[in-house]
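Asker: Can you look at this prediction? I've put the sequence above it.
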Amino acid sequence: MNPLFSLTPSERGPIVNTWEQELGGPLVISLEITGLTPLVQQNEQVAKAQPVANDPAGRMPTVHSSISGTVTDIKKDFITIREEGTRVALPSDFSSTNPRTMLNALRENGINIRGLKQGCTLIINGMPHEAGMDGHRFLIEEFNDVMTTGLHYLKKALSPKACTLACPTGMDWTIPGCTGHEIIPVFPNSLPELVTKAITGKEFPPEVCVMDVATLYRIGRTIHGRQPATLVIVKVGNTPFLTPVGTPVGVLVKLAGFRLNKHDRVILGGPLTGEAVYSLKHGVRPDTQAITVLKADKDPTVKDNPCVGCGECVMHCPARLEPNMISRHAEFGLYENTQAYNIASCIECGLCGYWCRAQRPLLQYIRLAKKELAAKPILEDLREQQ
Amino acid sequence: MKPLNGSPILTVSIPPHAHCGRTFKQDALETIIALLPAVFFAVWHYNMLAVRVLALSCFTAVVTETICLYFMKREIEADNYTALLYGLLFGFLLPPAAPWWLVAAGSSISIFMGRMIFGGLGSNPLCVPLVGWAVLAVSWPDLMDFDMTMLASELTYPLSQLKNFGPEMLDEYSLKSLLLGFQLGGTGAAQAGAVILGGIYLLARRIIRPDIPLAFIAGVAATAAIYYLVDPLEYGSPEYHLLCGSTIFGAFFLATDGPSSPAGHIPMLTYGFIAGALVVIIRVYGIYPDGVPFAILLANLMTPLVDKIKPAPFGGITNIHLRRRS
């Protein structure tokens, strides 16, 4: 099988602590705050776990400083903090028993709670998201008590009908209070939609919440330490790093032994669904699980070639769509037409673009069409207003 | 360019960042490689006649495409070998003794009417070489008739023997001689054994999927078997239908042409089977001894219809807003 699609977790190597490494100066972190409002000012001293940006609308999770230091720069999308001193913020309060307040407390401590619903079936996704993104193996095997704490809190907040842990076939991972479900470790089986399908047998069932195992760990760590979890496990190449949120990718890539040249690609996440960064100063996010480095000229690059109708995308699509037709319509701005090809069923696994012989940016076309369609007003809503 | 802040200039790309490494330029090149055994066999049988037809056809195809692209004010893309491939495929269908102007006219008609008029690479609704072939077959039937043009050859055209004199005439052809290409037919298309080798190469290299060729061969074999079972004295047996004329060539190289064939397993199987069945039906009832080109053209026309056979999409959500709210 193509090693790119194998989700079988590798043997556990030692975890490297970033702060124990020689960095050649104080650590400078850069926290991504796109869409959030900064709560600090330039040159302000911040403590570890102190909130630095939040969403006034109350939807997106708050961002916290993961080190104690001085704010050196505030830009629209990033806050840069230089490490200095050992201040720590005051612990938060998680004693509430009101489900809504409980979830809100999680959001204020940096956990993304969008999509979590009361009375749902909770699925804990323990599958490595992509090949090699198995840093959470360490968490689930070593910190089972933290996971249990997190699950206990979630159960109180959501009162789910059932809890299931999805793990790759052959892994004897368990979390107390969860039933287990083994999933064939082949990409794209790790995507939330397909995990849900494998467990419930239904496609897009309304009352199912899928939570990543790393998020569950962060919840448990937050409740346990009564402070936002500021450390993440990021796998760079074959090395898992335990590192503060916001550590620049350049630092991790260098520690992992990569030497970057011009036109290489550094990707937050895996090579199929990750996001390429434009600067080595880009900090890792709380939900980043891996950094992938792709050398220049390794693969054919995307071009605006015409579709040659080979059908590879159609036959590899796990959502049984026709990316060839969707991309042809999206290419010429006919976004409405893509609905006839069920674009909303796309789960964005990226396989169409991987197999495209014409090197077309298929997933990009699909995302463009989705974005354009989602920006349009909903006809039913307009009617309701009248 | 000066690096920003001492860091190297990174490439920003969109997911998926990895690619399977296959490009259509490489596919066209591999298909040409797969055609080479048949080219060698054609040269063995017809010497310079075959070289002349194939080379002229390839040359005209590339030149026609370049001229069209020039007038369309588009980038010249002769370096992706697709025009060369179509020129070679077209040459395979012509009689080796075809006059030079027929080859040149047919090849340029193929590229112009079959491909460029619809917008170039990837847009052809019909298999490109067959468009030129069909125009020639209808316009100059005498010159496209293998028996008429190849009077100097000792070989005979088994399919017209079958059509004119009945299936007992086929007994003079051993299967081995048919495989080695001791039969009249298209320059390269009649080299059945070499074309099979090329087809196996394509399958092994995964340039084409096995669906269409196997369904095509199954369609030919099944339909021919039905006729043969009904009346063995009136109709030829399936193995002759498979090895005579351009059946194998059509199955591996013409029916699998990407833009004109459907995508998806069931559509591909249906399309291949329809095309294969049409081959035998045209051979039995039509005026053309070799039904392959018209059968594939007819199947090409059915492609949009066959493409409608598709599985229900994941979850079956049609409205993007429903997905966003959930």
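Answerer: Nice, thanks for sending it over.

Asker: wait, does stretch A:125-135 contact chain B?
Answerer: No - on the criterion CB under 8 Å from any CB of the partner chain, stretch A:125-135 is out of touch with chain B, staying 9.8 Å away. Backbone N, C-alpha and C define where each C-beta goes, glycine included.

Asker: start to end distance for that stretch?
Answerer: The first and last residues of stretch A:125-135 sit 13 Å apart, counting by CA to CA, to the nearest Å.

Asker: Same check on stretch B:140-159?
Answerer: Start-to-end, stretch B:140-159 (CA to CA) is 19 Å.

Asker: Which residues does it contact?
Answerer: With CB atoms under 8 Å, 6 or more residues apart in numbering or on different chains as the test, stretch B:140-159 has contacts from B:45-46, B:94-99, B:102, B:133, B:136-137, B:160, B:169-170, B:173, B:178, B:182-185, B:240, B:244-245, B:283, B:289-290.

Asker: again with stretch B:292-307
Answerer: Counting contacts by CB under 8 Å, 6+ apart, the residues outside stretch B:292-307 that touch it are B:93, B:125-127, B:130-131, B:133-134, B:137, B:245-247, B:249-250, B:254-255, B:260-264, B:267, B:270-272, B:274-276, B:278-279, B:281-282, B:286, B:288.

Asker: Give the ChimeraX command for selecting the buried subset of the residues you listed.
Answerer: Here is the ChimeraX command that selects the buried residues among these (16 or more other CB atoms under 10 Å in any protein chain shown):
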select /B:93,126,127,130,131,133,134,137,245,246,247,249,250,254,255,260,261,262,263,264,267,270,271,272,274,275,276,278,279,281,282,288
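
Asker: what subset of the contacts of stretch B:292-307 is also close to chain A?
Answerer: Of the contacts of stretch B:292-307, the ones that also sit near chain A (CB under 8 Å from any CB) are B:Ser260, B:Ser261, B:Pro262, B:Ala263, B:Gly264.

Asker: Was I right to think the last one contacts A:Cys313?
Answerer: No - applying CB atoms under 8 Å as the test, B:Gly264 and A:Cys313 come out as separate, 10.3 Å apart.

Asker: okay, and the common contacts of those two?
Answerer: Common neighbours of B:Gly264 and A:Cys313, using CB under 8 Å, 6+ apart, are A:Glu322.

Asker: Name the residue of the stretch 1-150 of chain A that lies nearest to chain B.
Answerer: A:Leu4 (6.1 Å; CB to the nearest CB).

Asker: returning to what we had before: show me which of the contacts of stretch B:140-159 are buried.
Answerer: Buried among the contacts of stretch B:140-159 (16+ other CB under 10 Å): B:45-46, B:94-98, B:102, B:133, B:136-137, B:160, B:169-170, B:173, B:178, B:182-185, B:240, B:244-245, B:283, B:289-290.

Asker: Now, these that are in helices?
Answerer: B:His45, B:Tyr46, B:Leu102, B:Trp133, B:Leu136, B:Ala137, B:Ser160, B:Leu178, B:Tyr240, B:Arg283 (DSSP state H).

Asker: now for these, which pair is the farthest apart?
Answerer: Across those, no pair lies farther apart than B:Leu102 and B:Tyr240, at 28.2 Å, counting by CB to CB.

Asker: tally of neighbours for residue 12?
Answerer: The chain I'm using is chain A. Residues contacting A:Arg12 under the criterion other CB atoms under 10 Å in any protein chain shown number 13.

Asker: You answered for a different chain; I wanted chain B.
Answerer: Neighbours of B:Val12 (other CB under 10 Å): 14.

Asker: Would you list the phi and psi of the residue of the stretch 1-150 of chain A closest to chain B?
Answerer: A:Leu4 adopts backbone torsions of phi -70, psi -20, taken as degrees, to the nearest 10.

Asker: Next one: it, what pLDDT does it get?
Answerer: Turning to A:Leu4, the model gives it a pLDDT of 86.

Asker: Quick one: residues contacting it.
Answerer: Contacts for A:Leu4 (CB under 8 Å, 6+ apart) come out as A:Ala131, A:Phe187, A:Pro271, A:Leu272, B:Ala18.

Asker: before we move on, the earlier item: so of the contacts of stretch B:292-307, which ones are in helices?
Answerer: Those of these lying in helices (DSSP H): B:93, B:130-131, B:133-134, B:137, B:247, B:249, B:267, B:270-272, B:274-276, B:278-279, B:281-282.

Asker: which stretches of chain A form helices?
Answerer: A:99-108, A:136-142, A:144-158, A:192-200, A:213-225, A:249-255, A:312-316, A:323-331, A:335-338, A:351-355, A:362-375, A:379-385.

Asker: so which of the ones you listed gets nearest B:Ala190?
Answerer: Nearest of those (CB to CB): helix A:312-316, 31.5 Å.

Asker: where's A:Val266 relative to chain B, distance?
Answerer: Plainly put, A:Val266 is 6 Å away from chain B if you go by CB to the nearest CB, to the nearest Å.
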